[in-house]
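>>> sequence-free structure coming up:
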C-alpha cells in the first residue's frame, strides 16, 4: 500500500473510531500542530502500531518514508503532550463503557465488570544517545537492566483492555523526578475533575 493511501485509510479509521479528526485531539494535547501538519498527522502510528504488521517505528519508516523517524523527536520534545493524547483518546471510550455497563442487565455486568489496574513495567533499551535511560532492577530477570520504567493505568472490561494513562517514571537524579504515588495522585485528581464536568462540557471533549 502506498504511503498516501495508508495515511488516508488510517485517517478514515481514526475518524470512525473517535468521531472527530485526529488533528483536533493532537491540538488539544498541546502539540504545535501548525508547525508541521503533515508530520503530526502521522501520530496515529503510535495508536495503531500494535495492530500493524510492522513491529517498530523503524520498520514503519523503512516501508512508508524515512520522515517518520522524526516522530521520535516529537516524543522527546513533547512527552507530556503524548501522555495527554493517550488520555484524550481513551477517556471517551471509558465513559462509553461506563454508560453501557450502567444500562446492561446483571448478567452482562457480572461478565464485563470495569476495573482500573495500576502498575508499572520496565522496558530494556540499548543505546548511548537515548534520553532518560537509567539503571533499573528487573524482578523478573533478578538483575539490573538499562531501560525505561513506565507507569500505567489500564482499563479492563470483558474483552476490552486499553491504557487510559501512561507516563514515563524519571529517576531520582532527574530534576523533574516524582514518586510513582505522586504521579498516580495527579492522574486521579485530573480524572476526578473530568468526571465531575457537566455533560455539555464533556460533549465538547468528545
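Thanks, I have it. Since the structure is predicted, the reported quantities are computational estimates derived from the model, not experimental observations.
>>> so how far is the helix or strand hosting residue 118 from its chain's centroid?
If you go by DSSP states H and E, residue 118 is part of strand 115-124. How far strand 115-124 lies from its chain's middle: 13 Å, per C-alpha atoms, centre = their mean, to the nearest Å.
>>> then stretch 160-171?
The answer for stretch 160-171 is 7 Å, by C-alpha atoms, centre = their mean.
>>> contact partners for the residue nearest the centre of the chain?
Compute the mean C-alpha point of the chain, and by C-alpha atoms, centre = their mean the closest residue is residue 86, 3.3 Å away. Residues near residue 86 by C-beta atoms under 8 Å, 6 or more residues apart in numbering: 163, 164, 165, 166. Where you see a C-beta, it was placed from the backbone N, CA and C, and this is true even at glycine.
>>> contact partners for the second one?
Right, the one you point to is residue 164. Contacts for residue 164 (C-beta under 8 Å, 6+ apart) come out as 86, 87, 90, 91, 94, 116, 153, 154, 155, 191.
>>> counting neighbours, what do you get for residue 188?
The number of residues packed near residue 188 is 14, by other C-beta atoms under 10 Å.
>>> distance between whichever strand or helix holds it and the chain's centre?
Taking DSSP H and E as the definition, residue 188 sits inside helix 180-195. Helix 180-195 has its C-alpha centroid displaced from the chain centroid by 16 Å (C-alpha atoms, centre = their mean).
>>> do the same with stretch 89-99
14 Å.
>>> quick check: mean pLDDT of that stretch?
Mean per-residue pLDDT for stretch 89-99: 84.
>>> which parts of the protein are strands?
With strands called from DSSP state E, the chain shows them at 115-124, 134-138, 143-157, 160-169.
>>> domains of this structure: list them as residue ranges, please.
Following automatic domain parsing, one finds the domains of the chain at 1-77, 106-206.
>>> just name the most buried of these.
Among the domains of the chain, domain 1-77 has the highest mean neighbour count (mean count of other C-beta atoms under 10 Å), at a mean of 14.
>>> pLDDT at the spatially closest residue to residue 67 that is not a sequence neighbour, what is it?
The spatially closest residue to residue 67, leaving aside those adjacent along the chain, is residue 39, at 6.7 Å (C-beta to C-beta, 6 or more residues apart in numbering). Residue 39 carries a pLDDT value of 71.
>>> would you agree residue 39 is in contact with residue 73?
No: assessed by C-beta atoms under 8 Å, residue 39 is found out of contact with residue 73, at 9.5 Å.
>>> and residue 73, how far from residue 157?
From residue 73 across to residue 157, the span is 35 Å (C-beta to C-beta, to the nearest Å).
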